[in-house]
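Enquirer: Predicted structure and sequence below. I'll ask about it afterward.
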Amino acid sequence: MALGGGASIGTAALVAHGLSKRFKKKVALDKVDLAIPVGSVTALVGPNGAGKTTLIRVCMAFERPNAGGVEVDGVDPWKHRSEALRRVGYVPQTPAVYRGLSVEDHLAMARSLHSGFDTDYARRRLDQLGIPLDQRADTLSGGQAAQLGLAVALGTRAKVLLLDEPLANLDPLARREFIQVLLDAVKSDGSTALLSSHIVTDVEDACDRLAILGGGKVRLDSPLKEARQTHRLTEADSPPSGASAVGSFLGRNGKTIMTLWRLAPDTDLSAGPGETSEAASLEDVVLGYLAAGRGTAGLQLN
Amino acid sequence: MLTRIWLTFKQHRFETISITVVCVGLTAAALIEAFRLNSLNVPLSCLQSYQGGYPDPSQGPISAAQAHCNELAKSFSDMKGSLDMNLVQLLLLLVPLLAGIVVGAPLVAREIEQGTAPLSWALSGSRRRWLLGKVLAGVLLLASLMLAVGLAANVLEGALNPGLNPYNSFSNYLSRGVPDVFWALAAFAGTFALGTILGRTMPAVVLALVVCFFARATWDAGMTHFVLRPFAVEQDQDQQQQPGYVVYGPGGGSADMNVYYKSFIDGKEVTDAQVYDWYQQNMVCTPTPTPTPSASTSPADSSSPGASATPDNSKMGDSGIACQGPNIDPSHMPQQIPYVIPGQWYWQTVALESGLLLLGSLFCGAIAFVWVDRRRPY
C-alpha cells in the first residue's frame, strides 16, 4: 500500500491512516493519511491551528483519535502505549524542564523512567554544547533548555523522533545549533525525525521531506526536492503547460497576486523562453497549498 | 525507584523542606510542653482533689499542705490552659491534614501546570509506574514525619493527664499516635487524586481543605454512630475509679470513649424525650438570688451528656433558676447507663479507624492511578 509521497507502509516509520480528531465541534485532523519513511527528516509545516501538534500528540498517545489511527514503527500507540513510547523520542512544544532539578538530574530521571536510556550518549551531546551538567534547569537559556530536551529525547536512542515546534522560541543561532545536533544524531543513529514548525525557513535546510498540514488535512506530502521541482509560480493567469493551479496568495511585494502551479509528472521542468513562470521556493509551495485550503477571498487587491 | 523518590524530593523541595521543618518543630514543641508539665511534679492526689479553685462547701478550712497542693494543681491547670499549649494542641490536630494536602496537591498537578508531564510520560511507558515513584516519596516523607509528631503527641497527652495511660485511653486519640500517620496519608491520597483530576494545584488545595476538614469534623460522630456503636459495652463503673483510667482535674473524664447511653425509669428503657418529660413533671424550678457551681464530682460526669448514673435532685438552671425535685427515692429517678468503647480497646479501635482511613486512601489513590492513565498531560 502506498501513501502520501510514495512511501509504503512497509518502509514507513510513522503512518497515519484516515486519522481524524475533533475537539468538540472543532475538527483538528480530518482523515489524515501520511507515511514518514524510515531514515527521513520530515518537516511538518502548517499555520497555527493546522493540526501539527494534535498529530504528534496522537502519536504520543496523549490524544485518542476519533477515527483512523497511527502506527509508530508498526505499533499503535493508543493500544500499546508503553511499547510504542519505547520507540519514540519526544521533544515538547515548550522546553519542558524541571525548574528545581539540574541537567544531570534530568538525565538521571530519564534513566529511571526509560529502561534503555543512554546517559553517556546524552551527556556527550550536552558536553559538546558546553552545557554544564550541574547547572539548574531554570537557569538555562531557552536554547540550552531546548538542547537539554533534545538530548533527553536522543538519549532514548529511539527509532522515531517527534519534535513539536522545538524551534519556535529560539534565536537564530540556537535554532541552527539545534538543527545541527538533530541532523548529526539522525545521521549517526539512522533514526527518523518528524519536525513540526510553522516557519518554513527553519526547516528548509534541515529536512529532506515536506508534509503540509492545513485545516486538519494533509495538503502535500512529498520529498523536498520534488516539491521544489514540480511547482511553478506565476503572476499571470495563464498556466505553464500541463500544470494545475494549487492556490493564489499575495506576493512578496504586497501588490501582486501570485499563483502556484503543480506541474504534471511528465512536464519538461525547464521553463521555456518567454514563459512567465518562475521556480517556486519552499515558502511559495507552502503558501500556495495553505491558500488552497483557505480560498482566495482575502486576496482582493485595491 | 530510589532515584525517582530522591528526585521527587528535589523536585518538590519547597514542600519537602517546609513540611519537615513544621513537623520537626511541632514534635519539639510538643516534647518541650510535655517536659514543662512533667517538671511541675504535681502529685496525682493534688489533681484528684483539685476542684478548679472552687471551694468545697462540704469541707472546713483547708490545711497548709492542701493549700500547697492546690497551688501546684493550679500551676498545672494554668499551664494546661495556656496559649502555647492550646496552640500546640491545635497544630497537632491540623498539621497531619495540612501536611498531606501540601505534599499531595502538587504531585501531579504541578507537572501538568508546568508542562513537564509530557516529558515524563513520554519517557515512561507506564504512567502508573511514574506515579508510583512520586507517591512512594510522599508516603515515606509523611509517614516518617507524622510518626514522630504522633509519638510526641502521645508523650504530651501523657503529661497533660498524669496517671492516664495514653495507650489505654481515648482522650484526644485521633490527634495523636498512629492515627496522625493515617490522617496525613488520607489527606495526601485525596489531594493528589484531586490534583490528578483537576490538573491544577491551587483548586486541588482549596477543594482538599474543604473535604478534609469536613471529613475530620464529622469523623467522630460518624464513627460513634455507625461503626463503633455495635461494639460499645456498658461502662464498668468500678474500673472508672482505678488509676490509669481517669482524667483527673477540672474538665477531666474517662479513658473510655462514650458512644451512646440508654435511659431507664423504674427499670424500663425510655427515650430522651420521656426523660425530659419526667423532669418537667417532677421538678419545680424557682428563681434563686445567686447561682452556685455544680456540686458534681464524679470524673465520669463531664465526659458524657448523659453519663450521670444517679442525677442529683437539685439541678442548676440558667440565669439563677434552681430546680428542686420532690423527695423521690433515687432508685425511681431516670437512670442513664453509658455505653462505651473501653479504654483498654485502644489499639483495636485505632487499628479499625486507621484501617478505614487507609481504605479511603487506597480508594483515592486508585482513582488517581486510573485517571493518570487516561488524562491528557496538559
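Expert: Right, received. Where do you want to start?
Enquirer: Chain B against chain A: which residues are in contact?
Expert: Proximity of chain B to chain A (Cβ under 8 Å from any Cβ of the partner chain) is limited to residues B:1, B:3-4, B:7, B:10-13, B:114-116, B:118-126, B:130, B:133, B:376-378. For the C-beta atoms, the positions are set from N, CA and C on the backbone; glycine is no exception.
Enquirer: in the stretch 1-150 of chain A, what residue is nearest chain B?
Expert: Of all residues in the stretch 1-150 of chain A, A:Ser82 sits closest to chain B, at 2.7 Å by Cβ to the nearest Cβ.
Enquirer: ok, now which ones touch that residue?
Expert: Residues near A:Ser82 by Cβ atoms under 8 Å, 6 or more residues apart in numbering or on different chains: B:125-126.
Enquirer: since we're on whatever residue of the stretch 51-200 of chain B ends up closest to chain A, how many residues are nearby?
Expert: Nearest residue of the stretch 51-200 of chain B to chain A (Cβ to the nearest Cβ) works out as B:Gly125 at 2.7 Å. Counted with other Cβ atoms under 10 Å in any protein chain shown, residues neighbouring B:Gly125 total 20.
Enquirer: Spatially, which residue comes closest to it, not counting chain neighbours?
Expert: A:Ser82 (2.7 Å; Cβ to Cβ, 6 or more residues apart in numbering or on different chains).
Enquirer: So which bits of stretch A:97-117 are buried?
Expert: A:97-98, A:101-103, A:105-114, A:117 (16 or more other Cβ atoms under 10 Å in any protein chain shown).
Enquirer: biggest separation within these, which pair?
Expert: Using Cβ to Cβ, those span at most 18.4 Å, a distance reached by A:Ser102 and A:His114.
Enquirer: Among the residues of chain B next to chain A, name the buried ones.
Expert: B:4, B:7, B:10-12, B:115-116, B:118-125, B:130, B:133, B:377.
Enquirer: pLDDT-wise, which helix or strand of chain A ranks last?
Expert: Ranked by mean pLDDT, DSSP states H and E, the helix or strand of chain A with the weakest confidence is strand A:2-3, at a mean of 40.
Enquirer: cool, and chain B?
Expert: Min over SSEs of chain B, mean pLDDT, DSSP H and E: strand B:314-316 (a mean of 44).
Enquirer: Give me the packing partners of the helix or strand hosting B:Cys69, helices and strands only.
Expert: Applying DSSP states H and E as the criterion places B:Cys69 in helix B:64-80. Judged by 3 or more Cβ pairs under 8 Å, 6 or more residues apart in numbering or on different chains; DSSP states H and E, helix B:64-80 is in contact with helix B:13-38, helix B:44-49.
Enquirer: Tabulate those helices (TSV), appending mean pLDDT.
Expert: Shown next, in TSV, are the helices and strands packed on helix B:64-80 (pLDDT from 0 to 100):
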stretch	mean pLDDT
helix B:13-38	96
helix B:44-49	78
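Enquirer: Can you give the domain ranges for chain B?
Expert: B:2-42+B:96-229+B:344-374, B:257-341 (automatic domain parsing).
Enquirer: Of those, which stretch is the most buried?
Expert: Of all those, domain B:2-42+B:96-229+B:344-374 carries the top mean neighbour count, a mean of 20, counting by mean count of other Cβ atoms under 10 Å in any protein chain shown.
Enquirer: circling back: which one of the buried residues of stretch A:97-117 is nearest to B:Phe214?
Expert: Checking the buried residues of stretch A:97-117 against B:Phe214 with Cβ to Cβ, the nearest one is A:Tyr98 at 34.1 Å.
Enquirer: part of a strand, is that closest one?
Expert: No. Counting by DSSP: H, G, I helix; E, B strand; the rest coil, A:Tyr98 is not found in a strand; it is coil.
Enquirer: Make sure it is actually in contact with A:Leu140.
Expert: No. A:Tyr98 is beyond contact range of A:Leu140, at 11.3 Å (criterion: Cβ atoms under 8 Å).
Enquirer: ok, back up a step: next structured bit after the helix holding B:Cys69?
Expert: Following helix B:64-80 in sequence, per DSSP H and E, is helix B:83-104.
Enquirer: Quick one: mean pLDDT for the next helix or strand after that following helix?
Expert: Using DSSP H and E, the helix or strand that follows helix B:83-104 towards the C-terminus is helix B:106-113. Here helix B:106-113 scores 94 as its mean pLDDT.
Enquirer: For helix B:106-113, name the packing helices and strands.
Expert: Going by 3+ Cβ pairs under 8 Å, 6+ apart, helix B:106-113 lies up against helix B:117-123, helix B:127-160, helix B:178-198, helix B:201-222.
Enquirer: near chain B, which residues of the stretch 101-250 of chain A show up?
Expert: A:101, A:105, A:108-114, A:117, A:149, A:152, A:156.
Enquirer: Recalculate using a threshold of 6 Å.
Expert: A:101, A:105, A:108-110, A:112-114 (Cβ under 6 Å from any Cβ of the partner chain).
Enquirer: for the stretch 251-378 of chain B, what spans make up the helices?
Expert: B:272-282, B:346-374 (DSSP state H, counting those that start in this stretch).
Enquirer: What is the distance between the first one and the centre of its chain?
Expert: Okay, so that is helix B:272-282. 33 Å (Cα atoms, centre = their mean, to the nearest Å).
Enquirer: One more: the longest one?
Expert: What separates the centre of helix B:346-374 from the centre of its chain is 20 Å, taken as Cα atoms, centre = their mean.
Enquirer: Now the longest strand seen in chain B - C-alpha only, CSV.
Expert: As assigned by DSSP state E, the longest strand anywhere in chain B is strand B:257-265. What follows is strand B:257-265 as a C-alpha-only set of coordinates in CSV (Å, rounded to 0.1, in the frame of the first residue of the first chain):
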residue,chain,number,x,y,z
MET,B,257,-15.0,6.5,74.6
ASN,B,258,-18.7,7.3,75.1
VAL,B,259,-20.7,6.0,72.2
TYR,B,260,-24.2,6.3,73.5
TYR,B,261,-26.3,5.9,76.6
LYS,B,262,-29.5,4.2,77.5
SER,B,263,-32.1,5.8,79.8
PHE,B,264,-34.3,3.9,82.2
ILE,B,265,-37.1,4.9,84.5
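Enquirer: Contacts for it, please.
Expert: Contacts with strand B:257-265, where a contact means Cβ atoms under 6 Å, 6 or more residues apart in numbering or on different chains, come from B:170, B:224, B:228-229, B:232, B:269-270, B:275, B:304, B:306, B:334-341.
Enquirer: same deal with stretch B:75-84?
Expert: Contacts of stretch B:75-84 (Cβ under 6 Å, 6+ apart): B:37, B:40, B:42.
Enquirer: So for stretch A:56-68, mean pLDDT?
Expert: 93.
Enquirer: Now A:Phe156: closest residue in space that isn't a chain neighbour?
Expert: Rather than Phe, residue A:156 is Thr. Per Cβ to Cβ, 6+ apart, closest to A:Thr156 is A:Gly89, 4.6 Å.
Enquirer: Could you report the separation of the one you found from B:Ala221?
Expert: A:Gly89 sits at a distance of 55 Å from B:Ala221 (criterion: Cβ to Cβ, to the nearest Å).
Enquirer: got it, and B:Val42?
Expert: 34 Å.
Enquirer: and if you look at B:Pro106?
Expert: Separation of B:Pro106 from B:Ala221 (Cβ to Cβ) stands at 32 Å.
Enquirer: what about the stretch 251-378 of chain B, any weak spots by pLDDT?
Expert: B:251-253, B:285-327 (pLDDT under 70).
Enquirer: ok, now with 80
Expert: The stretch 251-378 of chain B contains residues with pLDDT under 80 at B:251-254, B:283-332.
Enquirer: What score does the closest residue to A:Asn169 other than its chain neighbours have for pLDDT?
Expert: Counting by Cβ to Cβ, 6+ apart, A:Gly142 is the residue found nearest to A:Asn169 once chain neighbours are left out, at 5.4 Å. Note for A:Gly142: predicted pLDDT of 86.
Enquirer: I appreciate the help and will end here.
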